[in-house]
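Q: Any chance you can model this:
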Amino acid sequence: MEFLNYIKVRKVETRFDDVWYDISLRQLRSGEVSFFVVDDFLTGKWLFKLSKDKENRRIMVKALKCPGGIRFSQLEGRSMVFQDSLIDGLIYDVISLTTIDENDRLRRNIVTSIEEVPIIIRENYEIKSYEEATGKKAPGKHLVTLSKRENEKHLVTLFVLERAWGLSKFSPEEKVKENEQKSLKIKATKKEVHTGKILSCPICGKKHQLIHVETEKTVKHILRKPRLQ
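A: Numbers count the residues shown, from 1 in each chain. Below is the predicted model:
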């Protein structure tokens, strides 16, 4: 199952000249900043800030707003940094997964083998050794993902996959099944009644039918184009 299709990422704002504080560099940086809203079927709704540091050739993805609860709230303010690889046009991120201990405290684990990388990341991202991507060796750095610099949504999604999915109390399969059952229940209880009223727009004159819609919890009204006779 292609779970990536259930993660909706939408850019909501871009500031072409903004300033942010890079905690790893311990200094203010300036450049283009964009904001993304993410609706993840497994964990919930997120707000991310993506900052482009052209001078240092770095892109930082930072979680500004996380789903509620003790687990996800610990990711608020956390960031993921992408840097240039040896491969032209591709940037890398050292793969580290967030897990939770028995006291619901976050733990970061840098993966050492491809088997530790979640299948969804293996199937949707290119994975190389740190040495292949950078031409260098570094203690504690083993595997990286490679992404296109311009694919911003891909970078934001990777934050969710690496940092958040390991905190969920449900598996992706369980969550999809639960959502499908909810959808079927809503459809089963949904009732549409054609009121027989035809409303005309006072500006353009187009006509629409007024439909009364009932579900188990709500009542609403919608306008729909009349069916052709």
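
Q: Next secondary structure after the helix or strand of the chain with the lowest mean pLDDT?
A: Across the helices and strands of the chain, mean confidence by mean pLDDT, DSSP states H and E is lowest for helix 172-189: a mean of 77. Going down the chain from helix 172-189, the next helix or strand is strand 191-200, by DSSP states H and E.

Q: which strands and helices sit next to that next one?
A: strand 207-214 (3 or more Cβ pairs under 8 Å, 6 or more residues apart in numbering; DSSP states H and E). C-beta coordinates here come from the backbone N, C-alpha and C atoms, glycine included.

Q: Can I get the strand it packs on as CSV, trimmed to CA atoms?
A: Taking Å, rounded to 0.1, in the frame of the first residue of the first chain, the C-alpha atoms of strand 207-214 are listed here in CSV:
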residue,chain,number,x,y,z
LYS,A,207,-29.5,27.7,-11.3
HIS,A,208,-28.8,25.2,-8.5
GLN,A,209,-30.8,22.6,-6.6
LEU,A,210,-30.9,23.0,-2.8
ILE,A,211,-30.0,19.7,-1.2
HIS,A,212,-30.6,18.8,2.5
VAL,A,213,-27.8,16.5,3.8
GLU,A,214,-28.0,14.6,7.1
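
Q: who does the next helix or strand after it pair up with?
A: Heading C-terminal from strand 207-214, the first helix or strand you meet, by DSSP H and E, is strand 219-224. The sheet places strand 219-224 alongside strand 207-214 (antiparallel), with pairing taken from DSSP bridges.
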